[in-house]
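[1] Next come a sequence and a model predicted from it.
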Amino acid sequence: MLQLKEFLKQECENTLQLLNETLRHAYSIKDGKRFYVECLTRVNTLKKQIKDVGEKDFDTQGWLSYRLSLLSELITRIERSHIGEFSWPFAEYLKAIAVDICRQEENLPSPEYDPLFFISAEGGLLAYSISFEPLSHDMTHAKNRIFNIVFPRSLKHSVLLHPILGHEIGHAAYSHSNMSQRLDKEVLEPLLAEGLLADATSLKRWMSEVYSVNSPDDAAAEVFDDWKEEYLCDLFGLVIMGPSFVSAHRSLLRTIDPPGYELSSTHPPKLTRYWMIDEAVRYLQWDRFAANARGEFGRAVKSCSSSCKEPLRGMNNAFKVFKVSSIHRAVDGLKAILGPIPNALYQFPALSEIKGMATRICDSSPPVQTTIRKNGISFSLENSVSDFRTVLYAGWLAWHQCSVTKRELSFQVINRFCDTGLLNLQALKRWNDEAVVSGI
Amino acid sequence: MMKQWYQVSDVPVLNKMTVLRRLAKGDLILSPMFSLKQVGAISIDLRVGNLALLVKGSGLSHVDPSHYKLAAKDAHTLEQSRRQKFERVEFMFGQRLLLHPGALALVPTLEWIKLPMDIKGVVTARSSWAREGLNIATANFINPGYNGIITLELSNFGEIPIALYPGLRISQISFYALDHLAPADTSKSQFDLSFEPKMGEITAGDEAFIPDSR
């Protein structure tokens, strides 16, 4: 038999070998080296701790074994990150928002301590997730927390569905972060107050009345904790990603539970979530321009709004589990928390901007385009820097515009146009930052 | 049904002012552009896009149209022959693509191009890159009505590798006016609405001249 300490020494070398093998791939031009250095630091620290541990100190050896196993799992997942398997322009925007949130909530001393995000793709529509390590984990000997954003492999180009990851950023922010206390106090407390799900007891009563399900008190308490986090993350995703979150959220959740009233211990009934999100959209006035939009585009806006409301038609009032004023206060709380973080909150654009993008997509061209203007005998060039989230909302509206005008553009092609639009925005940003390798 | 044809121009090559006028009008699209310096006297510079199809070292041994003809009867073989030939590589801004001597890479332009029915495009190398040994396109005519990225068939004719970065201006497109509008019912190219390079159908229409097996 191999002694545990000797085994761990061998495994350290194996893990180091594994880490070196990840360098076969080019992940991200900026972060590749930081991932390597971070993981190398962790391997070397564990190596030293294993060397120093007593031969008979099995408790510590077991703990070191666990940490080494976690590290090798992490490195293996990093090895699974290939930019050809997901929309990297979207991922770059998402990372930028997530890093800003983490930087603020964890009071990081300088950018070199920023968390590292690696992106990968897995099978299945439900693959969307962000996994992360606890704040305390390994932080004594490493600079950076490591996050893993996962996209479904089959939805590589389906950027219109990717705003669902705003919900996942909510989980990352709520768990293991300083922000969770503020989210509890300023968002969840007002949201739950006076509603049908104010606490575990009222949730238990609600489940009994609506579903005729009686659960024990401790189970109800657990369900309550899980459900409230889901509601929080829905609102989080909404205010971060904008109106495209609504269409993405509804499209994806309906694949799991088409009618929307399935009862689960981990997630609240989807109808309650749809209704809450709709009330928040109304409060944010993101539906206000539906009344002013005219013509084809106006019909598209109404079609988009109407299709999102479809699951709620004929809904029993029992699924309206919050007071409307509570939802408003929760949204205000989120805005107060996220407002100071650069680019975290979605800012609704001018009607003309979003209409222009949707029209371009319907005309079979990318939404983000250079405009050439004639000024007398000279010409000028204009590139407007749009928010990537506006491109996604324009994509959804274009999908409805094509539908109401019977244009033959598939959802997949519209997604490709939006993906191209995000790429163009990245190029423009690069140009504006004067970092392009080109010599103009 | 044949549409009416009529003469639209006596000028074959569009000059800078005409191109800019058409871009401003919006019936000719070339985007994104970051500077008017991209527009030359009779051409506009095009940039390298963010992916490449590179011939796989371990892929197919050679190109033989009869393989495609045979494969057309079997979905697995057809798709496998396409996928095994090239490796699809995406790269972000700032990452490089190394093009080795003699290598072939299919690379999209960063720009999306939409041509009206009275203009055709011709894509060529920029002379400064040609002098480094970079060959751009052999199939360089872009049909009137085309809408999509342009695939650059890059090859390195030099003796040392060339590093390329997305965003670099390596090629240029000139616009030519047609003496008549292309008919509206002109069939679309197999590459219309391309978002990235793809393999073409090299046997379609020529089956009579290709043996069934070898």
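    Structure's in. What do you need?

[2] Select the longest helix from chain A.
    Counting residues, the longest helix in chain A under DSSP state H turns out to be helix A:217-241.

[3] any idea which helix or strand comes after it?
    Scanning forward in sequence from helix A:217-241 by DSSP states H and E, the next helix or strand is helix A:244-256.

[4] Mind listing residues that contact the next helix or strand after that next one?
    Where DSSP H and E defines the elements, the next helix or strand beyond helix A:244-256 is helix A:270-284. Outside helix A:270-284, the residues within contact range by CB atoms under 8 Å, 6 or more residues apart in numbering or on different chains are A:230-231, A:234-235, A:238-239, A:243, A:245-246, A:249-250, A:253-254, A:256-257, A:260-262, A:287, A:308-309, A:311-312, A:315, A:319-322, A:324, A:327-328, A:330-331, A:348. All C-beta spots, glycine's among them, are computed from the backbone N, C-alpha and C.

[5] Quick one, which of these are buried?
    A:230-231, A:234-235, A:238-239, A:243, A:245-246, A:249-250, A:253, A:257, A:260-261, A:287, A:308, A:311, A:315, A:319-322, A:327-328, A:330-331, A:348 (16 or more other CB atoms under 10 Å in any protein chain shown).

[6] Quick check: mean pLDDT of stretch A:152-168?
    On average, the pLDDT along stretch A:152-168 is 94.

[7] would you put the C-alpha positions of it in PDB?
    The C-alpha coordinates for stretch A:152-168 follow below in PDB (Å, rounded to 0.1, in the frame of the first residue of the first chain):
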ATOM      1  CA  PRO A 152     -24.700  25.200 -22.800                       C
ATOM      2  CA  ARG A 153     -22.600  23.900 -25.700                       C
ATOM      3  CA  SER A 154     -25.500  23.600 -28.100                       C
ATOM      4  CA  LEU A 155     -26.400  27.300 -27.600                       C
ATOM      5  CA  LYS A 156     -23.000  28.600 -28.600                       C
ATOM      6  CA  HIS A 157     -24.300  31.300 -30.800                       C
ATOM      7  CA  SER A 158     -27.700  31.800 -29.000                       C
ATOM      8  CA  VAL A 159     -26.700  35.000 -27.400                       C
ATOM      9  CA  LEU A 160     -30.300  36.100 -27.000                       C
ATOM     10  CA  LEU A 161     -30.700  33.400 -24.300                       C
ATOM     11  CA  HIS A 162     -27.500  34.200 -22.500                       C
ATOM     12  CA  PRO A 163     -28.900  37.000 -20.400                       C
ATOM     13  CA  ILE A 164     -30.200  34.300 -18.100                       C
ATOM     14  CA  LEU A 165     -26.600  34.300 -16.700                       C
ATOM     15  CA  GLY A 166     -27.600  37.600 -14.900                       C
ATOM     16  CA  HIS A 167     -29.500  35.300 -12.600                       C
ATOM     17  CA  GLU A 168     -26.400  33.300 -12.000                       C
END
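
[8] List the buried residues of it.
    So, applying 16+ other CB under 10 Å, buried residues of stretch A:152-168: A:152, A:155, A:157-168.

[9] go on, stretch B:119-137?
    B:119, B:120, B:121, B:123, B:125, B:126, B:129, B:133, B:134, B:135, B:136, B:137.

[10] where does the closest residue to the third one other than its chain neighbours sit relative to residue B:181, distance-wise?
    Take residue B:121 and drop its neighbours on the chain: the residue closest to it by CB to CB, 6 or more residues apart in numbering or on different chains is residue B:142, 3.5 Å away. Distance of residue B:142 to residue B:181, given as CB to CB, to the nearest Å: 16 Å.

[11] Then residue A:255?
    The gap separating residue A:255 from residue B:181 is 46 Å, by CB to CB.

[12] So for those two, which sits in the more crowded spot?
    residue B:181 (19 against 9; other CB atoms under 10 Å in any protein chain shown).

[13] And that one, its phi and psi?
    The phi/psi pair for residue B:181 (degrees, to the nearest 10) reads phi -60, psi 140.

[14] Then residue B:53?
    Backbone torsions of residue B:53, given as degrees, to the nearest 10, read phi -100, psi 110.

[15] bridging residues for it?
    Beta bridges link residue B:53 to residue B:88, residue B:106 when assigned by DSSP bridges.

[16] surely it meets residue B:83?
    No. With contact defined as CB atoms under 8 Å, residue B:53 does not count as touching residue B:83 (10.4 Å).

[17] out of the two, which sits in the busier spot?
    Neighbours per residue, other CB under 10 Å: of residue B:53 and residue B:83, the larger number sits with residue B:53, 21 against 13.

[18] With chain A as the reference, measure out to that one.
    Residue B:53 sits 11 Å away from chain A, going by CB to the nearest CB, to the nearest Å.

[19] what are the phi and psi angles of the residue in the stretch 51-200 of chain A positioned nearest to chain B?
    Here the stretch 51-200 of chain A gets closest to chain B at one residue, residue A:84, 4.5 Å apart by CB to the nearest CB. Main-chain torsions, residue A:84, degrees, to the nearest 10: phi -70, psi -10.

[20] tell me the two of the buried residues of stretch B:119-137 that are most distant?
    Maximum pairwise distance among those (CB to CB): 30.9 Å, between B:119 and B:133.

[21] now the spatially most central residue of chain B, what's its secondary structure?
    Geometric centre of chain B, nearest residue: residue B:151, 2.7 Å, by CA atoms, centre = their mean. Residue B:151 carries the three-state label strand when classified by DSSP: H, G, I helix; E, B strand; the rest coil.

[22] Please list all residues in contact with it.
    B:106, B:107, B:108, B:109, B:191, B:194, B:197, B:198.

[23] Low-confidence stretches in the chain?
    Using chain A here. Scanning chain A for pLDDT under 70 picks out A:26-30, A:134-141, A:176-177, A:435-440.

[24] that's the wrong chain, I wanted chain B
    In chain B (pLDDT under 70), the answer is B:1-11, B:70-72, B:138-139, B:184-188, B:213-214.

[25] Now for residue A:240, how many residues are close by?
    Using other CB under 10 Å, residue A:240 has 27 neighbouring residues.
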